[in-house]
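Participant: Predicted model and sequence follow; I will ask about them next.
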Amino acid sequence: MSKLPRIRAIKVAKPFTLRVQWQDGTADLVDMTGAVARFEPFAPLKDHGLFARAKVIEYGTGIEWPNGLDFSADSLAHIAAEQKKMTGEDFKRWQNDMSLSLQETADALGVTTSTVKNYRNAEEIPVTVQLACRAIARDKETFFARYRPRVAGRPPAERTPERPRTISRTRLPERSRER
């Protein structure tokens, strides 16, 4: 079981973006633009002055604004993890963790195998693919509902049903026309 994340300090890096210093010594930039824009209770935080007044609360278990709104450290850590770019190496690790072949990966993502090969060597994977990969890893049961395994190698040759034997017709000699 992993430890719950705890915040050491926060600082506003730019509008709606916090630099979060974690108690384990790591740091993340957490862009909260989506939460502020789409989560109704956070509408007051569209005021940059209010957003900038966030402070760490309860031994680093979250942050709070002067109007009483708060956000947990766990939720901040989740957003930070989702916002990290996925590289080709990360994509390979995901594919390996999911035990997916090249073709199965292509099938799952709705792309060609050559696109999957390109992802494996990319500096950054497209955001939509990152979202799909993380969702698949997080919710395997839903993935299994759509997963269809591929068998390696060529499919077996189709056997055609044996045709009934026909009697060969031989050509009869023509009758002479003499009568």
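Facilitator: It's in. Keep in mind the model is a prediction, meaning the values are calculated, not measured.

Participant: these two touch, right, L69 and F42?
Facilitator: Yes: L69 is within contact range of F42, at 6.5 Å (criterion: C-beta atoms under 8 Å). From N, CA and C alone the C-beta is placed, and that goes for glycine too.

Participant: What segments of the protein are helices?
Facilitator: Assigned by DSSP state H, the helices in the chain fall at 33-38, 48-51, 73-83, 88-97, 102-109, 113-120, 127-138, 140-146.

Participant: Go through these and name the closest to P5.
Facilitator: Smallest distance to P5 across those (C-beta to C-beta): 4.1 Å, for helix 73-83.

Participant: residues touching K140, list them.
Facilitator: Under the criterion of C-beta atoms under 8 Å, 6 or more residues apart in numbering, K140 has no contact partners.

Participant: care to break this protein down by domain?
Facilitator: 7-83, 88-146 (automatic domain parsing).

Participant: could those be laid out in a markdown table, adding distance to A157 and mean pLDDT?
Facilitator: Converted to a markdown table, the domains of the chain look like this (distance: least, C-beta to C-beta, whole Å; pLDDT from 0 to 100):
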| stretch | distance to A157 | mean pLDDT |
| --- | --- | --- |
| domain 7-83 | 47 | 95 |
| domain 88-146 | 20 | 94 |
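
Participant: now those as JSON lines including distance to R159?
Facilitator: Listed next are the domains of the chain as JSON lines, based on distance: least, C-beta to C-beta, whole Å:
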{"stretch": "domain 7-83", "distance to R159": "50"}
{"stretch": "domain 88-146", "distance to R159": "24"}
